Structures are given as C-alpha cells and as structure tokens.
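> Next one to model:
(one chain, ligands or ions: 2)
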Amino acid sequence: MATSLYSTHCRSLATSSSSSASFQPSPFSSNLAYLQRVTFSHRFLASKVSLKSQPPSYQIPVHTQQQEGAVAASVTPVENGTSHKQLNAELLSVKSPKESLVEDGFEKDENESTVSITVVGASGDLAKKKIFPALFALYYEDCLPKHFTIYGYARSKMTDAELRNMVSRTLTCRIDKRENCNEKMEQFLKRCFYHSGQYDSQENFAVLDKKLKEHEGGRTSNRLFYLSIPPNIFIDAVKCASLSASSGNGWTRVIVEKPFGRDSESSAALTKSLKQYLTEDQIFRIDHYLGKELVENLSVLRFSNLIFEPLWSRQYIRNVQLIFSEDFGTEGRGGYFDHYGIIRDIMQNHLLQILALFAMETPVSLDAEDIRNEKVKVLRSMRPLQLEDVVIGQYKSHTRGGVTYPAYVDDKTVPVGSLTPTFAAAALFIDNARWDGVPFLMKAGKALHSKGAEIRVQFRHVPGNLYNRNFGADLDRATNELVIRVQPDEAIYLKINNKVPGLGMKLDRSNLNLHYAARYSKEIPDAYERLLLDAIEGERRLFIRSDELDAAWSLFTPVLKELEEKKIIPEYYPYGSRGPVGAHYLAARYNVRWGDLGSDIDR
Ligand SMILES: NC(=O)C1=CN([C@@H]2O[C@H](COP(=O)(O)OP(=O)(O)OC[C@H]3O[C@@H](n4cnc5c(N)ncnc54)[C@H](OP(=O)(O)O)[C@@H]3O)[C@@H](O)[C@H]2O)C=CC1
Ligand SMILES: O=C1O[C@H](COP(=O)(O)O)[C@@H](O)[C@H](O)[C@H]1O
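Numbering: from 1, shown residues only. Ligands and ions are numbered 1, 2, ... in the order given. You can find the predicted model right below:
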C-alpha cells in the first residue's frame, strides 16, 4: 500500500502557511519544519518497510487464539520489525519520498494493494457526524490510497444508495474549498457501500468478507475496521470481524472508540477480551483529543523552542490548568453519559492525555513507542486522585431571557435522582523530580457559560522584580501565563508585562498572540481526519497503548469508586453558569486562580 505517497502530498498541503513571505529559513528557524519532515519521512519509511516485509507467503489471517502467536510472529513484527536505528539510518540518506517511491518500484505496490475501511455502526451518530465526513475530507485532500473501498456495516436495513444518501447529507466542502467539490463528493460516494448484518454473526461478517474481496480484486488487502458502536458489543464485533473478515494477505487493524471500560477492572477485562482476537499492534484505541491540531503542536512548541523547554519544570512553572467546557448539556446522550459521568467522559482520557504529553520527559525520538513510553512513565509517576482534591457538580434548570434550560435530570434518558457529575474539578500531582509540588488542575463541565478547551501554564514570580511596586498588591496578576487555546478559534498566546507607551511608567499585561486564523489560511483538519489517516498508515503515536490505559485508570478508579460508594452529592450549578463555586475553593487551596476560559484580551 502506498498511502505514504498520498500522505506526503496531503501533509505538505496541510502545513502550508498563508504568510510564508515573512518566514526566513535559517539553520535553526525551521525546527518545526524539521520535525514535520522527520515525522513524515518516518511515516513514509515505516509504511514502506511494513509493506516490503509482507510477502504473500508470510501472511497468516487472524483466526484463532492459538494463531495469535503466529500472528505476532508474522504481522506484528512486520509492523514493528524495523529497528528505529535502521529507520533513522534511512532517514539520514535524505531523499524526497517521491524519489524513493519511484526508485524502489513502490508505485507498483500502490497498484497492487488496497485498503478497505469498514465503519461498524455506520447508521449511528458518530459515523454520520465525524467518520464519513473525515473520510471524505481525506479523499478530497488526496490522502486516501488509490485503491480503497468504504463499507458501512450495521443492523439497519439500507441499500448502497440509501447509505450514500445518508452520508451525502453529512458531507461538507471545506470553507477554503476548491471548485470541484461536488464532483469529488460524487466520486467519493461511489466508493461507499453498505452491508447489513448483526454484530455477533460470523456468517454476516463472512458475507462482508466476500464483498470486500470482490472490491479488492486480488490485490493485497489491507483492512481497517472502525468500531463506532456501543461498548457492550465491541467484543462480539471484534470476534466476528477477526474470525470472518480479517485480511488474508495484508494487515488488519481495528479502531476502538472510547469508553475503554469504566474502571481499572473493566478496562483490563476489555483489553484481555480484545487480545483474544487481536494483537496489541492491531488495536488503535482512539482519543480524538490527540488528533487536535494544538494538542499535536504541544510537543513542537515545547521541544523545538529554546525559550520554552528550559522553563518546563517546577523551577519556573507554578501550576498548569487543563480546562474543558461545553455550553450545552447531554442532549440525547444522557443514557450513555449517566453510566460514565464527566470524570470518565473527559478527564480520565482527553485531559489526562494532554497532561501526559505536556509533562513527559523528552522522548528518545518521535517514534510512537518512544513517545508512548514517556507518557506511561509520567502517568505512573502521578499520585492517584484523592477525594479531597475533587469537586463535583451537576447542572440544574435555569431560566434566562425567557428561555428555560433543562436540568441534567430532566433528560428522559437519565435515571431519576441521578448523582452523576456533569462537572468536575480536580488537583493532580506528579511525584517526580521535574514536577514535584506543581498542581495540575483539571476542570471539565457540560452546560457551562462557554465552549472551549485550553491549557494554561502559569509561571512563577520574577524574583526581586524591579517593577514590583508598579503591580500593586496583587503580584499573582503579574506573572507570565502561556495559554494554548485548543478550541475554538485556535491560538497560542503568552501574557507578558509591558510598559504602557507614554512618559510615565505604567505597566500592563499584554498578549504575544499567535492567532491561527490570522496566521494560517488553511482550514484546520478535524481530529478524526488525522487519526484515520494515521490508522491507515499504521502510525500509532496518537493512539493509546494498553499500559497507558492501565496507568490512566489507576489514577481515577479509587476516587470514582469512593464517589459512588459514598454517594457524594454534586454541587448543583445553573445551566449556563460558570460551574460550582467549590472549584474556586479547590484551586485556592493550592494558591491557584483559574484562568478564565475565553475571557482574555486580544483574542
Ligand atoms: N457520538 C459521539 O459524539 C461520540 C461517540 N463516541 C463513541 O463512539 C461509539 C459510537 O457512538 P454513537 O455513534 O454515538 O453510538 P450510537 O448509539 O449512535 O450507536 C451506533 C450504532 O450502533 C447500533 N446500536 C446502538 N445501540 C445498540 C445496541 N444496544 N445493540 C446493538 N447495536 C446497537 C445502532 O446501529 P444499528 O441499529 O443499525 O445496528 C447505532 O446506529 C460509542 O462507543 C461512543 O461511546 C465517542 C465520542 C463521541
Ligand atoms: O469524547 C467526547 O468528546 C466530546 C467533545 O469533543 P469535542 O471534540 O467536540 O470537544 C464530548 O461532547 C463528549 O461528551 C465526549 O464523549
């Protein structure tokens, strides 16, 4: 499969900048470009090597548990087998990916392999809202391989034409669209098909297998299954897909959506069951926050800018805040949500993943395993969350401007008297040399006053600051703060103290502001696009490894159990408010003042 040819193309498009005229390359000016180049070349080489290492005689389909070892001996090393040294050596002989392709006869592979993407649960909300649109965007950007087929699979009865009709209603052209969007949509829809079947029927998946083979036309078949179904049917679907519809001569990968269990035990049981049918390398546990542009940029910002990395420790950082806020309630997902609550829905995964990327030590390389090793280490250095370091809340009905907004428990799918938190604030600590004593504060809530996600880094005071008296009594207001606004309206800004122009000596706080909409004309791809492309390319960097998941659950499971066993009553906050006041007391205990989401000047 020659996806790398496409990804190189689509990646170069994705990184072009509107105002590049002002950008002067110098030996050091393009650390970012260097990192991108290394990453892309790495992707390219990794997929090239994996393809080359899969001669047809070497392939064993994933069929039985007994064969798992055989799979591990064939497919897994194919994916992982090339040593990083080998890859790095290849990286050093700089050749444009395109040159290498032609030179190695790789274009031939492009014609001889195919990727089939099956969206299991195609009739559902996520498939319509995110997966099909992301696949179309990849197609639009020429990021999908030449030979690909998309199959929707679900129990609902639908014809191919009906699926296409359903999908077409969710597709949009980008705002920076080029002219031929409608044409592209039609071409894309022609590559989409539907098969109706049960999730626990090997026979139904065997029919899917037959249909996929017809499309694959004897080429090397690579198969990606996206499990966009409720978690209680994950294992049935994995079992049937693996036993009846995995590839006979290429790779088979499965994207698994969260929730990955609801505590340490259920998560371990899920992993164990998945591993009856798949090797770890075949499992792509998705956390879509890792696919967001500014989360992806976090490592670039830190590791390629001399002004940040030396400050990245307890010596200079006073606290770190990870904030998620939605200005709407559960809206029809109350049934799902009530079983999980905001801590499992947002904190244990999205915010903790960001924290791990933020706080990890420098990885040996940009290779997926090196990065994930560092993330696991930092997670394992963390103290399990304590009950006294958590505040929970639940939204209640509120009337504003003549409109009444419902309480969480007004949702028909939520059990009467539910105590499930729709808001939580927490203080977490990393007990290692770099972060000892630095509070990492998390705050996540639904039905709040604003929508957004931010990372805020508050720095310490300047010791013996000459200008202290100009700040008045509130020295905390005078410290630097770095804000990474993940969404909406992506931006990175640094609050600095500055002299107000004039004859006097008046200081104010101003922002050095990198506002993405002003700096880059290209639309930012949706997280699902990046993650789907990575899964197709076998790039695991942004997917969660099982030991990461275990470490993440270990931090939250004890407190989740305690909250439930002790039936802790959440603090009720009005729909559309700033959330429970308890969050401020929690922060104050650690001498922290929450940054106010979206309220900063110079947006
Ligand atoms: N929706 C979202 O925004 C997000 C969803 N997720 C996760 O993605 C996955 C899919 O989410 P979503 O699309 O919202 O889920 P849906 O509830 O829409 O379910 C997807 C499909 O699964 C089938 N299905 C639903 N319930 C059952 C059941 N009890 N037994 C058998 N089949 C069932 C239905 O298809 P049919 O009846 O045709 O078989 C349905 O169309 C879930 O794991 C969810 O947690 C994660 C993040 C966000
Ligand atoms: O995983 C989830 O994420 C969404 C928020 O995602 P975003 O990309 O729109 O910020 C959240 O609404 C949902 O409850 C949760 O399951």
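> Please make it C-alpha for all contacts and neighbour counts, starting now.
OK.
> In terms of secondary structure, what does the helix or strand encompassing Ile484 contact?
Ile484 is part of strand 481-487, with elements assigned from DSSP states H and E. Where contact means 3 or more Cα pairs under 8 Å, 6 or more residues apart in numbering; DSSP states H and E, strand 481-487 is packed against helix 293-303, strand 452-459, strand 491-499.
> tell me, how many neighbours does the residue of the stretch 301-450 of the chain found nearest ligand 1 end up with?
The shortest separation between the stretch 301-450 of the chain and ligand 1 is 7.2 Å, found at Tyr336 (distances taken as Cα to the nearest ligand atom). Tyr336: 15 surrounding residues under other Cα atoms under 10 Å.
> which element is it on?
Per DSSP H and E: Tyr336 is located in helix 334-342.
> domain ranges for the chain?
Structural domains annotated on the chain: 113-286, 293-524+545-590, as defined by the TED database.
> Between the helices and strands packed on strand 481-487, which one is closest to Arg593.
The closest of these to Arg593 is strand 452-459. By Cα to Cα, the value is 9.5 Å.
> Quickly run through the sheet partners of the closest one, with directions.
For strand 452-459, the paired strands and their directions (DSSP bridges) read strand 317-325 (antiparallel), strand 481-487 (antiparallel).
> For the stretch 201-350 of the chain, which residues are neighbours of ligand 1?
For the stretch 201-350 of the chain, the residues found near ligand 1 under the criterion Cα under 6 Å from any ligand atom are Ser228, Ile229, Pro230, Pro231, Glu257, Lys258, Pro259.
> so how far is Pro259 from the third one?
Using Cα to Cα, to the nearest Å, we find Pro230 at a distance of 9 Å from Pro259.
> Between these two, which is the more surrounded one?
For the pair Pro230 and Pro259, the greater number of neighbours falls to Pro259 (18 against 13), based on other Cα under 10 Å.
> which SS class is the more buried one?
Here Pro259 is coil, with the state taken from DSSP: H, G, I helix; E, B strand; the rest coil.
> And the pLDDT for it?
At Pro259, the model reports a pLDDT of 92.
> so where does Leu379 fall, helix or strand?
With secondary structure defined by DSSP H and E, Leu379 is part of helix 368-380.
> and the next element down the chain from that helix?
strand 390-396.
> what lines up beside the helix or strand following that next one in the sheet?
Once strand 390-396 ends, the next helix or strand along the chain (criterion: DSSP H and E) is strand 398-400. Applying DSSP bridges, strand 398-400 is found paired with strand 403-405 (antiparallel).
> Please save the CA atoms from the strand holding Ile484 in CSV.
These are the backbone C-alpha positions of strand 481-487, laid out as CSV (Å, rounded to 0.1, in the frame of the first residue of the first chain):
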residue,chain,number,x,y,z
GLU,A,481,1.0,32.9,31.6
LEU,A,482,1.1,30.8,28.4
VAL,A,483,-2.3,29.8,27.0
ILE,A,484,-2.8,27.2,24.4
ARG,A,485,-6.3,27.5,23.2
VAL,A,486,-7.1,24.1,21.7
GLN,A,487,-10.6,25.2,20.6
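> ok, and for that strand, which residues are buried?
For strand 481-487, the neighbour count (16 or more other Cα atoms under 10 Å) marks Glu481, Leu482, Val483, Ile484, Arg485, Val486, Gln487 as buried.
> what's the closest of those to Lys130?
Minimum separation from Lys130 among the buried residues of strand 481-487 (Cα to Cα) is found for Gln487, which lies at 16.7 Å.
> correct me, but the closest one touches Ser450?
No - between Gln487 and Ser450 there is no contact, the gap being 11.3 Å when judged by Cα atoms under 8 Å.
> which SS class is the residue lying closest to Thr149 once chain neighbours are set aside?
The shortest distance from Thr149 to any residue that is not its chain neighbour, by Cα to Cα, 6 or more residues apart in numbering, is 4.8 Å, and that residue is Ser116. When the structure is split into helix, strand and coil by three-state DSSP, Ser116 lands in strand.
> Could you pick out the residues of the protein near ligand 1 for me?
For the chain, the residues found near ligand 1 under the criterion Cα under 6 Å from any ligand atom are 121, 123-127, 154-156, 228-231, 257-259.
> and with 5 Å instead?
Gly121, Ser123, Gly124, Asp125, Leu126, Ala154, Arg155, Ser156, Ser228, Ile229, Pro230 (Cα under 5 Å from any ligand atom).
> taking those residues one by one, which sit in helices?
Asp125, Leu126 (DSSP state H).
> Same list, the residues of the chain next to ligand 1, but as CSV with pLDDT and distance to Gly502 please.
Putting these into CSV (pLDDT from 0 to 100; distance: Cα to Cα, whole Å) gives the following:
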residue, pLDDT, distance to Gly502
Gly121, 98, 64
Ser123, 97, 63
Gly124, 95, 60
Asp125, 92, 57
Leu126, 95, 55
Ala154, 98, 68
Arg155, 98, 71
Ser156, 97, 70
Ser228, 97, 60
Ile229, 96, 62
Pro230, 93, 62
